[in-house]
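Fold the following, please.
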Amino acid sequence: MSRRKWYDYVPHPVVMLFIIIVLAAVMTHVLPAGVYDREVIDGTQRVVPGSYHRVAQAPVSFFGIFKALPAGFVTAAPVVFVVLASGIMFGILEKTGTVENTVGTAIRKLGLQRRYLLVFLLTYLFGLLGVVIGYENNIAMVPIAAVVALALGGDLMLAAGLSVGAITVGFGLSPINPYTVGIGHKIAEMPLFSGAGLRTSLCFLGLTLLAWYNVRYFKKIVADPASSLALNLDTAGFQLSRPLDQYTISRNNALVGSVFLGGIVVMLYCVFEYHWGLAQISAIFILIGIVAGLVSRMSGTELSETALKAVAVVAPGAFMVGYATAIKEVLEIGQINDTISHHLSLLLMGLPTTVSAVGMSMCQSMINLMIPSGSGQALATLPIMIPLGEVLGLTRQTTILAFQIGDGVTNLFNPALGGLIAMLSLCRIPFDRWLRFILPLTGLLLLLAWAFLVVGVWVGYR
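Residues are numbered from 1 along each chain as shown. Take a look at the predicted model:
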């Protein structure tokens, strides 16, 4: 009998998350409850450094575990609905034939002989979306990557690498990430997005490493289709239905495509100009779907049935988003988030400067598994880490870079990150298979990022 691989022991994502929720509840019985004082500065609530103190223990009971589940859905409601809205929009666009005809025509004109180059360039394109636009804002682009990857002769895992992987790396290492770098610079009272040169180089090399990894995987499955990590996954609605030479873009396809692009442009403008959130983005997705259906002369019945069918497809992913958020709810009820942050910071004291910088990023990685929100984590930990970094001999810029690396890279496999779970579900990729694909790359990215962090220490990065 062949020996079982490590990934054979990875439980189903629902089981995995429940185990994590239970472990979090157990931790509330083991770890002392404690909090930092908070203060409001410029309308933002921040931690007061050095104010950690014990509070009354608040362990989560057996029944409390199950009460945390609906609470998680309430907290994650905006992300849950943006998953449903993007699914409805894509379902209607797919029904009109616009996505299939556009992708088929584009690949027919570019030629399959350039498919490896296209995968390389598409990785940069989706990475750029993560750098500039954000994370959940790009969720509607993921199904398009699935259609493109299959049309090129790849599989759904390649689609996830192209879109989910690139968006996550681009967003996590973005030199202009407002939720991590921006808040960090504000807390540290530094020029906004300063030190962009080193961060830009790290982000570009990170995406280059991912592009190489995607092409390497693509070549592997082309040579041996049985080696695909996406075998037996449902590709209905993503595959091209006819030979490439039969694809053209009709007038209606062009009109529907214009509705989609126009809606996305409006969304992006309002995100940057008026700071739109997920509720407004969801509304735009729904509106794009309805207008696209009307332009294609779909009846009310056909439009409704298409929307409900699309909801059925993305519902498991939407469920997982709320389910994962229960982890955060358990930790907050037990009041051990600050306890964990406090004790991790104490571990860094007395370490050599370069080791403490890398150790700081590792600590942030562990905290990220409990506080997956980049902005929430920045406000909770950077007021502690920045003064600690100065005691350890680190510049403020280096401390913020360590925080960004710890938060950004581990987002690639963080089961508590709703946006990641949502995008994987739109690619129909089970979390255990994603781990098999992404963990080797995550290790390489961490080594690359830590090398940049060490350079930052050596040069006194400012």
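
list the buried ones in stretch 351-358?
By neighbour count with 16 or more other CB atoms under 10 Å, stretch 351-358 contains the buried residues 354, 356, 357, 358. All C-beta spots, glycine's among them, are computed from the backbone N, C-alpha and C.

Could I get the contacting residues of the first one?
Residue 354 makes contact with 454, 457, 458 under the criterion CB atoms under 8 Å, 6 or more residues apart in numbering.

What's the local residue count around the second one?
Other residues lying near residue 457 total 22 when counted by other CB atoms under 10 Å.

just residue 324 next, same as before
Using other CB under 10 Å, residue 324 is surrounded by 27 other residues.

Go ahead and list the helix or strand containing it.
Residue 324 belongs to helix 300-334 when assigned by DSSP states H and E.

and whatever helix or strand comes next after that helix, average pLDDT?
Next in sequence after helix 300-334, counting helices and strands by DSSP H and E, comes helix 337-347. Mean pLDDT, helix 337-347: 87.

Just the buried residues of helix 337-347, please?
For helix 337-347, by 16+ other CB under 10 Å, it's 337, 338, 339, 340, 341, 342, 344, 345.

Stretch 48-67 now?
Across stretch 48-67, burial judged by 16+ other CB under 10 Å covers 49, 52, 59, 60, 64, 65.

Ok, stretch 204-220 next?
If you call a residue buried by 16+ other CB under 10 Å, then stretch 204-220 has these buried ones: 204, 205, 206, 207, 209, 210, 211, 213, 214, 215, 217, 218.

Identify the residues contacting that stretch?
Here stretch 204-220 makes contact (CB under 8 Å, 6+ apart) with 115-116, 119-120, 123-124, 127, 152, 154, 157-158, 161-162, 165-166, 169-170, 173, 227, 437, 441, 444-445, 448-449.

Strands of the stretch 1-150 of the chain, residue ranges please.
34-35, 38-41, 44-47, 53-54 (DSSP state E, counting those that start in this stretch).

wait, which of the ones you listed is closest to residue 223?
Closest to residue 223 of the strands of the stretch 1-150 of the chain is strand 44-47 (CB to CB; 52.1 Å).

and the closest one, average pLDDT?
The pLDDT scores in strand 44-47 average 77.

next one: it to chain centre, how far?
Strand 44-47 sits 24 Å away from the centroid of its parent chain (CA atoms, centre = their mean, to the nearest Å).

In it, which residues are buried?
46, 47.

related to what we said a few turns ago, turn the strands of the stretch 1-150 of the chain into JSON lines, including distance to residue 424.
Formatted as JSON lines, the strands of the stretch 1-150 of the chain follow (distance: least, CB to CB, whole Å):
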{"stretch": "strand 34-35", "distance to residue 424": "34"}
{"stretch": "strand 38-41", "distance to residue 424": "34"}
{"stretch": "strand 44-47", "distance to residue 424": "31"}
{"stretch": "strand 53-54", "distance to residue 424": "39"}
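
right, so of those strands, which gets closest to residue 388?
With CB to CB, the closest approach to residue 388 among those belongs to strand 44-47: 12.1 Å.

Quick one: list the elements packing against that closest one.
strand 38-41, helix 183-188, helix 374-392 (3 or more CB pairs under 8 Å, 6 or more residues apart in numbering; DSSP states H and E).

Considering these, which stretch scores lowest in mean pLDDT?
When the helices and strands packed on strand 44-47 are ranked by mean pLDDT, strand 38-41 comes last with a mean of 83.

what's the spacing between that one and its chain's center?
Taking mean C-alpha positions (CA atoms, centre = their mean), strand 38-41 and its chain are 28 Å apart.

what lines up beside it in the sheet?
Here strand 38-41 has these sheet partners by DSSP bridges: strand 44-47 (antiparallel).

got the contact list for the partner strand?
Residues contacting strand 44-47 (CB under 8 Å, 6+ apart): 36-40, 183, 186-187, 338, 379-381, 383-384.

hang on, the earlier thing: with distance to residue 236 added, can I get the buried residues of stretch 48-67 in TSV?
Converted to TSV, these look like this (distance: CB to CB, whole Å):
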residue	distance to residue 236
49	54
52	53
59	46
60	41
64	40
65	36
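
which of those residues are the two that sit furthest away from each other?
Longest span within the buried residues of stretch 48-67, CB to CB: 49 and 65, 32.8 Å.

before we move on, back to that, of the contacts of strand 44-47, which is the nearest to residue 263?
So of the contacts of strand 44-47, ranked by how close each gets to residue 263 (CB to CB), first place is residue 183, at 29.2 Å.

Tell me, how many residues neighbour the closest residue to that closest one other than its chain neighbours?
With sequence-adjacent residues excluded and distances taken as CB to CB, 6 or more residues apart in numbering, residue 183 is closest to residue 378, at 4.2 Å. Residue 378 has 27 neighbours, counted by other CB under 10 Å.

Residue 378 and residue 65, how far apart?
As defined by CB to CB, to the nearest Å, residue 378 lies at a distance of 28 Å from residue 65.

now do residue 192
Applying CB to CB, the value for residue 192 to residue 65 is 41 Å.

Sweet, I'm off.
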